[in-house]
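Trainee: Quick one, fold the following:
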Amino acid sequence: MSDQTKPLRSPGPLSAADPRTPGSPAAAEPPVPADGPGAHPGGAGTAAGSGRGRVELRVHGVSGGQAEELLDVEPAMRVGGDRLAGFFRWRRGADTETVPGVRREIFAWGNLTSGSSSRAFWLLLLPFMLVNVAYWMRPGRATRDLRGAARVADNVYGAGMRLLALSLTVLITVAAAGIGVDLLGWQCAAGLGEECVRARPWLSFWASPDSVLSATGPALVVGSLVPLAVVAVLWRLSRHTAADYEVVSSPMPPVYGPGAPLSHPDLWRNSEIMARLRSAHIAVSLGVLSLLVAVPALLYDAAGGPARAWGAALVGALGAVALASAASVLVPGVDPRWNARADRLCRILRDTTLVLLAATAVYVLWPRPGWTAQGRLPGHASVLNALFTVQVALVLLTLAAAVVLYVSARAHRGTAMRGMAGPATAALGALAGGAFSAAVVYQGAQWLSGCRALSTPGADCLPMETPTVYSWLQLAIALEAVLAAAVAAVLAVRLRRDTRAHLTSVTEDYERSVRDRRTWDIARARALGRMTEVVPGVLVALLLPAVALGALVLYSILSGHLTPNGPEPAAAAVAGRVRVVAQGAVSVLIGAGSLLGGAALVALVWIGRSAYRDRPTRQAVGALWDVGTFWPRVAHPLAPPSYAERAVPQLVARVARMTREGTAVVLSGHSQGSVLAAATVWQLPDDCLGRVALITHGSPLDRLYARYFPAFFGPEPFADLNGRVAGWRNLWRATDAIAGPVRLGSGTGAAVVEPERPLPDPRAYDAPPGEARRPEIMGHSYYTDDPDYAQALRRMLTELEQAYQGP
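Mentor: All right, here's what the predicted structure looks like:
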């Protein structure tokens, strides 16, 4: 174990200031002083003998909570025991401050991500979020610092990610059309008719031969209402969240430094770019939907139908508008004037698509005697094949751009997966989007048909057909499940091995001669704290089905073979019984993948709702979810909203006002709150620099953000951040799987933010005097209860006072 990961040697007994010591003033979390809502907006506690106000402004992490809980203003405070059984007393005045004379404030931003249980359904937008995050995971340096091949590769990377994001929106629309237009409209109402009504009586209004809606044209138009509703919901969510999260631009821009990309004044103001991208996504989605509805009618008219010329012109116009809208997402939007022009163009294209959509409905409803529906919807499989081919090509394109960026832009040491984390995340997002789509369509077809595992379509149930490529996606889901189980087993073995490896250091640090269960618990906590380093390997393992799927899809599309339910399946080369067994195994895996995909959708919603009700679940899910929703929606406008676009400007305005009034401010950020605190410092105007101090605890700044977002975080940006504050302390523990030291330089022996060594956890091996239980292992939680936190706060206040007094 390195010196930076070893805790303090011989932690010894708990001190009188330890929060878990009975009778200690810090035994519980102190509340804010009772100055009431009528206090001065920038008001702060004033230390004895000092005329300057001082504020400890805390920014919580992913666990969130209510403001009262975060400020600890409950009248009772624990002075002994633990959370299950403890001793309490009424809170006293001395218990209301971490440091006497320093007012505590809390910035509660939890409602931006978990305020309503309905936001659990945002997890269904996981594929959109992954691609949007992948856009920010580019290796190398900030765009403004790039030259030559690196700058070209950076532009290609960004364009590829935006096109991939657009393809996911189209994929969801096509999946909804697969349910509404293909299965319900074409195959059920217009094709099977009375058979469909017998199996599903509730569809009699639509599929009954006596219904006017059962004719092929009306059936397709009614079925298109399903994907239209999906697009409308996505558009409404994006519009609504944009209005809620939009903030007023600051009249005092920050000091932009080339080495600190997060100090760019327009970083958190993306309403124009997002509106333009939203218009483009809606236009392309509606254009593809119109083509899916119009192509069957055009194919019928091609044999001498009544409106052949009209249909050809309509399809040509739809294709041209869709291609123009897709090309508009390539505009980066750096220049506000060009971005405004592109926004107007995208709005025109969107409105044109709406007009063409109405024209498509009129064209399809035109009477066509003898037009009947047979088999699958014409053109549906071709659109899916083309879509997946484009996605594979875009992932390969961004992968090549990432390689060039990593080599030519000199990404800092420690960059995860040698800069390939972005394309890998995008590939996972595309795989997740395809898996969700396949699960919905496949399960929808199974439910409508009434088929079971041993049913024969056409004899025991309705013969519903789905595009072949969905079968490959079901197969990938099944393989992903098998691989995930294997990865979990490997991680369990590794955890056991690493736990044994930590036993020696635990006995040395706590000076124990005998190993008992407590020794194993601490060693296991330290081993868990190092498990974050295996994330790149896990990500690579989970990508194996995506790689195989991409190769198989390309081969299937280009050759017409190797389709699991086509005339020449993969097992055709196997003779005799082996062939039958292989075909049966593929069929079983496809069926299992379908069930797993549907279960995954339900599980995502269940996990999301549990995360907002159960704190441990919220912490586990929030650690990854809040990383994804931290970044602005500049790649996918329909992804979950960025809370930082609202939180950072609010924090900047508050801190700037207090510092201008002469208040010494210590920004204290825990976990994801430390990232918000750092982003706030980077956005502060010039007159506030050096007037704020920073405490980060349980911070993922270096361990996660610098590794996976190397163009925005890393030693160079951290050194810039350190120069903008009066002082910075970073508290972390070896048992914390998220936090770690923050490097201020590259190479061996580079400086790190003090303290260099982790906090001891637990603070003592045995129970302190007056207690019957040993101190808990805190891991990622309760940093503000640690005595070292109060010491760090005092140090930052001293450095702030020196900064205000000047040299």
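
Trainee: isn't Asp343 right up against Ala275?
Mentor: Yes: between Asp343 and Ala275 there is a contact at 6.1 Å, judged by C-beta atoms under 8 Å. C-betas here are computed from N, CA, C, even on glycine.

Trainee: Which of these two has more residues huddled nearby?
Mentor: Between Asp343 and Ala275, counting by other C-beta atoms under 10 Å, Asp343 is the more crowded of the two (21 against 18).

Trainee: Spell out which residues sit in contact with the residue most central in space within the chain, please.
Mentor: Central residue of the chain (C-alpha atoms, centre = their mean): Gly628, 2.7 Å from the mean position. Each residue near Gly628 by C-beta atoms under 8 Å, 6 or more residues apart in numbering is listed here: Met129, Leu130, Asn132, Val133, Pro640.

Trainee: Tell me, how many residues neighbour the second one?
Mentor: Just to be clear, that refers to Leu130. Using other C-beta under 10 Å, Leu130 has 23 neighbouring residues.

Trainee: go on, the third one?
Mentor: Asn132 sits with 30 neighbouring residues when counted by other C-beta under 10 Å.

Trainee: How much space separates the residue of the chain most remote from its centre from Leu731?
Mentor: In terms of distance from the mean C-alpha position of the chain, Gly304 ranks first, at 51.1 Å (C-alpha atoms, centre = their mean). Separation of Gly304 from Leu731 (C-beta to C-beta, to the nearest Å) stands at 78 Å.

Trainee: got it, and Cys188?
Mentor: On the measure of C-beta to C-beta, Cys188 and Leu731 end up 62 Å apart.

Trainee: Please enumerate the strands of the protein.
Mentor: For the chain, the strands defined by DSSP state E cover 45-46, 53-59, 76-81, 86-90, 103-107, 664-670, 692-697, 728-731.

Trainee: Those strands into JSON lines, with extra columns for mean pLDDT, distance to Leu228 and mean neighbour count?
Mentor: What follows is these, written out as JSON lines (pLDDT from 0 to 100; distance: least, C-beta to C-beta, whole Å; neighbours: other C-beta atoms under 10 Å):
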{"stretch": "strand 45-46", "mean pLDDT": "48", "distance to Leu228": "57", "mean neighbour count": "18"}
{"stretch": "strand 53-59", "mean pLDDT": "89", "distance to Leu228": "42", "mean neighbour count": "23"}
{"stretch": "strand 76-81", "mean pLDDT": "68", "distance to Leu228": "55", "mean neighbour count": "18"}
{"stretch": "strand 86-90", "mean pLDDT": "69", "distance to Leu228": "57", "mean neighbour count": "14"}
{"stretch": "strand 103-107", "mean pLDDT": "86", "distance to Leu228": "41", "mean neighbour count": "22"}
{"stretch": "strand 664-670", "mean pLDDT": "93", "distance to Leu228": "44", "mean neighbour count": "28"}
{"stretch": "strand 692-697", "mean pLDDT": "95", "distance to Leu228": "47", "mean neighbour count": "27"}
{"stretch": "strand 728-731", "mean pLDDT": "96", "distance to Leu228": "51", "mean neighbour count": "24"}
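
Trainee: mind putting the ones you listed in TSV, distance to Trp520 included?
Mentor: Converted to TSV, the strands of the chain look like this (distance: least, C-beta to C-beta, whole Å):
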stretch	distance to Trp520
strand 45-46	44
strand 53-59	34
strand 76-81	24
strand 86-90	26
strand 103-107	37
strand 664-670	28
strand 692-697	27
strand 728-731	26
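
Trainee: Pop out the phi and psi values for Pro632.
Mentor: phi -60, psi 160 (degrees, to the nearest 10).

Trainee: Just to check, it is in contact with Ser642?
Mentor: Yes: the criterion here is C-beta under 8 Å, and Pro632 meets it with Ser642 at 4.8 Å.

Trainee: what do these two both touch?
Mentor: Contacts common to Pro632 and Ser642, judged by C-beta under 8 Å, 6+ apart, are Trp268.

Trainee: pLDDT below threshold where in the stretch 351-500 of the chain?
Mentor: The model of the stretch 351-500 of the chain has pLDDT under 70 over residues 409-412, 451-460.

Trainee: Gly217 and Ala176: what is the separation?
Mentor: Distance, Gly217 to Ala176, using C-beta to C-beta: 20 Å.

Trainee: ok, now how distant is Pro741 from Leu721?
Mentor: Distance, Pro741 to Leu721, by C-beta to C-beta: 15 Å.

Trainee: What is the nearest of the contacts of Gly628 to Val315?
Mentor: Of all the contacts of Gly628, Asn132 has the smallest distance to Val315: 31.7 Å, by C-beta to C-beta.

Trainee: how near is the closest one to Pro632?
Mentor: Counting by C-beta to C-beta, the gap from Asn132 to Pro632 is 8 Å.

Trainee: which ones are touching the spatially closest residue to Leu394 that is not a sequence neighbour?
Mentor: Nearest residue to Leu394 in three dimensions, chain neighbours excluded: Leu164, at 4.5 Å (C-beta to C-beta, 6 or more residues apart in numbering). Listed by C-beta under 8 Å, 6+ apart, the contact set of Leu164 reads Val131, Gln391, Leu394, Val395, Thr398, Ala426, Gly429, Ala430.

Trainee: hang on, the third one packs against Ala165?
Mentor: No: using C-beta under 8 Å, Leu394 is not in contact with Ala165, being 9.6 Å away.
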